[in-house]
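S.K.: Here's a sequence, model it:
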Amino acid sequence: MPKVSVGRDRLFEALGKEYTQEEFEDLCFEFGLELDDVATEEDEVIYKVEVAANRYDLLCFEGLVRALRIFKELDQIPKYSVFDIPRESMLKIHVKPETALVRPYVVSAVLRDITFDQASYKSFIDLQDMLHQNICRGRTLVAIGTHDLDTIQGPFTYEALPPTEINFVPLKQVKSFRGDELMKFYESDMKLKKFLHIIEKSPVFPVIYDCNRTVLSLPPIINGAHSAISVHTKNVFIECTATDLTKAKIVLNTMVTMFSVYCKRKFEVEPVEVISSDGHSCVYPDLSAYNMEVPLSKITGRIGVSADANQVISLLNRMQLLAEKSVLSGDLCSIIVSVPPTRSDVLEACDVAEDFAIAYGFDNILAQVSSSTQGGGEQSLSQISNLIRLE
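M.R.: Numbering: from 1, shown residues only. Model prediction:
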């Protein structure tokens, strides 16, 4: 399970309360987390909080604080949105057909008018590392590139070229390298050498250029030095290249929803249009919530408790799931759950029931012997996915 490191004092300040360690451990337990370790780094007490592997929104200080404040009913659920701008005014990425040979997908967005301080900037970098280690599967599925938009100019192109035709100065370097030279250069780099295998045997390497042929990144290895971000960056251009489009969209949504809190227009994100080689285009990110209708009995029945619709709605709201009642017929009713872009882990009714159980409190659920014995089984989606993987 991933562990998120957060400064204790900064965390408590954001939560609006000074907790004892025992009190904070209790809060973590209530929310389904665990305070795994307490350390001291440079005279700062660091809490290492273990989170669920599929809760990508909790992999940074911002997401953890937001979730706990909503759980404690200190904040409302944010409404995430994209700027309402015409397509002709959007930044664009044109995708070349050769990218299909190595890394076919790219999604993108802009954090406009953002203000970092040292702590939030470090958190921004750390979240990328956490996502790379988890959902991105060591950058094999998705690689994140972040750039100072004020140093580059659109439209951008996502290409795949022979490594000898790619030449640029990589991040934290002053010398220009060809793509093939970079592979040899990073063989001794403790951090980057583990990613080389992803593309080093490919006849073409993925690369992103701006309109002046300035290299933004050679994914999934390294960004260019020219567009490097800093704590002073005001406009961040985010690109995620991928072999899995669904994962790429989740990663992009996680990045922008977590850090748009620091933008001038809070929780608003500037979209980018991605145009494929066949002319098909998509606008990213998609921050719309999707609705799921779940019978009340499926929520409470799975947990084995009695609760009316209003209580279920109130508890789901504490878990960042905006809910409302829908009457089916007679005494039967269902709950319409609005799943935000931060909660990619909520897929089916059982996920809603799990969140209800957390907010209800596991200590409040009476243990009882089941009246029947049932064997577990794979969901149909998992069965189909496994069959596809065998092909």
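
S.K.: Every contact and neighbour count from this point should use C-alpha atoms.
M.R.: Noted.

S.K.: contacting residues around Leu15?
M.R.: 65, 68-69 (C-alpha atoms under 8 Å, 6 or more residues apart in numbering).

S.K.: oh sorry, the question was meant for Ser277
M.R.: Going by C-alpha under 8 Å, 6+ apart, the list of residues near Ser277 reads 94-97.

S.K.: Report the separation between Arg137 and Asp129.
M.R.: Applying C-alpha to C-alpha, to the nearest Å, the value for Arg137 to Asp129 is 11 Å.

S.K.: Ok, Thr115 next?
M.R.: Distance from Thr115 to Asp129, by C-alpha to C-alpha: 21 Å.

S.K.: Can you tell me the element Phe356 falls in?
M.R.: Assigned by DSSP states H and E, Phe356 belongs to helix 349-360.

S.K.: helices or strands up against the helix or strand following that helix?
M.R.: Next in sequence after helix 349-360, counting helices and strands by DSSP H and E, comes helix 380-390. Helices and strands touching helix 380-390, as assessed by 3 or more C-alpha pairs under 8 Å, 6 or more residues apart in numbering; DSSP states H and E, are absent.

S.K.: I'd like the mean pLDDT over helix 380-390, please.
M.R.: Averaging pLDDT along helix 380-390 yields 85.

S.K.: Can you pull the phi/psi pair for Leu161?
M.R.: Backbone torsions for Leu161, taken as degrees, to the nearest 10, come to phi -130, psi 160.

S.K.: Make sure it is actually in contact with Val204.
M.R.: Yes - contact criterion C-alpha atoms under 8 Å: Leu161 and Val204 qualify, at 4.7 Å.

S.K.: Would you mind telling me which of those two has more residues around it?
M.R.: Ranked by neighbour count (other C-alpha atoms under 10 Å), Leu161 and Val204 place Val204 first, with 22 against 17.

S.K.: Helix, strand, or coil at Ser288?
M.R.: Judged by DSSP: H, G, I helix; E, B strand; the rest coil, the three-state class of Ser288 is coil.

S.K.: pLDDT score assigned to it?
M.R.: For Ser288, the model assigns a pLDDT of 96.

S.K.: is it true that it touches Pro341?
M.R.: Yes - look at Ser288 against Pro341 with C-alpha under 8 Å: they come within range, at 6.5 Å.

S.K.: ok, the two, which is more surrounded?
M.R.: Between Ser288 and Pro341, counting by other C-alpha under 10 Å, Pro341 is the more crowded of the two (23 against 14).

S.K.: Now for the nearest residue to that one once chain neighbours are set aside, how many residues are close by?
M.R.: Spatial nearest neighbour of Pro341, excluding adjacent residues (C-alpha to C-alpha, 6 or more residues apart in numbering): Leu287 at 5.4 Å. Residue neighbour count, defined by other C-alpha under 10 Å, stands at 21 for Leu287.

S.K.: Let me see the contact set for Ser1.
M.R.: Small correction: residue 1 is Met, not Ser. Contacts of Met1 (C-alpha under 8 Å, 6+ apart): 50-53.

S.K.: hmm, try it at 6 Å
M.R.: Ala53 (C-alpha atoms under 6 Å, 6 or more residues apart in numbering).

S.K.: Now do the same for it: its pLDDT.
M.R.: At Met1, the model reports a pLDDT of 86.

S.K.: buried residues in the helix or strand of the chain with the lowest mean pLDDT?
M.R.: The least trusted helix or strand in the chain, going by mean pLDDT, DSSP states H and E, turns out to be strand 322-329, with a mean of 82. By 16 or more other C-alpha atoms under 10 Å, the buried positions in strand 322-329 come out as 322-326.

S.K.: just these now: which is nearest Gln173?
M.R.: Gln173 lies nearest to Leu322 out of the buried residues of strand 322-329, by C-alpha to C-alpha, at 47.1 Å.

S.K.: Give the closest residue to the closest one in space, chain neighbours not counted.
M.R.: Leaving aside its sequence neighbours, Leu322 sits nearest to Ser338 (C-alpha to C-alpha, 6+ apart; 5.1 Å).

S.K.: For my notes, confirm that neighbour occurs in a strand.
M.R.: Yes - under three-state DSSP, Ser338 sits within a strand.

S.K.: From Ser344, how far off is it?
M.R.: Distance, Ser338 to Ser344, by C-alpha to C-alpha: 12 Å.

S.K.: quick one: which helix or strand includes the residue most central in space within the chain?
M.R.: In the chain, the C-alpha nearest the mean C-alpha coordinate belongs to Thr254, at 2.7 Å (C-alpha atoms, centre = their mean). Using DSSP H and E, Thr254 falls within helix 245-259.

S.K.: after that helix, next one along is what?
M.R.: strand 268-275.

S.K.: That following strand vs helix 245-259, what angle?
M.R.: Here strand 268-275 runs at an angle of 150 degrees relative to helix 245-259 (axes from the mean of the first three to the mean of the last three C-alpha atoms, to 10 degrees).

S.K.: Alpha carbons of strand 268-275, as CSV, please.
M.R.: Provided in CSV are the C-alpha atoms of strand 268-275 (Å, rounded to 0.1, in the frame of the first residue of the first chain):
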residue,chain,number,x,y,z
GLU,A,268,-11.0,25.4,-12.8
VAL,A,269,-8.6,24.0,-15.4
GLU,A,270,-7.8,25.1,-18.9
PRO,A,271,-8.5,22.4,-21.5
VAL,A,272,-6.2,21.3,-24.4
GLU,A,273,-7.4,19.8,-27.7
VAL,A,274,-5.6,16.6,-28.8
ILE,A,275,-5.8,16.0,-32.6
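
S.K.: Give the partner strands of whichever helix or strand comes after it in its sheet and their orientations.
M.R.: Proceeding N to C from strand 268-275, the next assigned helix or strand is strand 281-284, under DSSP H and E. If you go by DSSP bridges, strand 281-284 pairs up with strand 268-275 (antiparallel).

S.K.: Helices along the stretch 51-200 of the chain, start to end?
M.R.: For the stretch 51-200 of the chain, the helices defined by DSSP state H, counting those that start in this stretch occupy 61-71, 118-133, 179-185.

S.K.: Kind regards, and thank you for your time.
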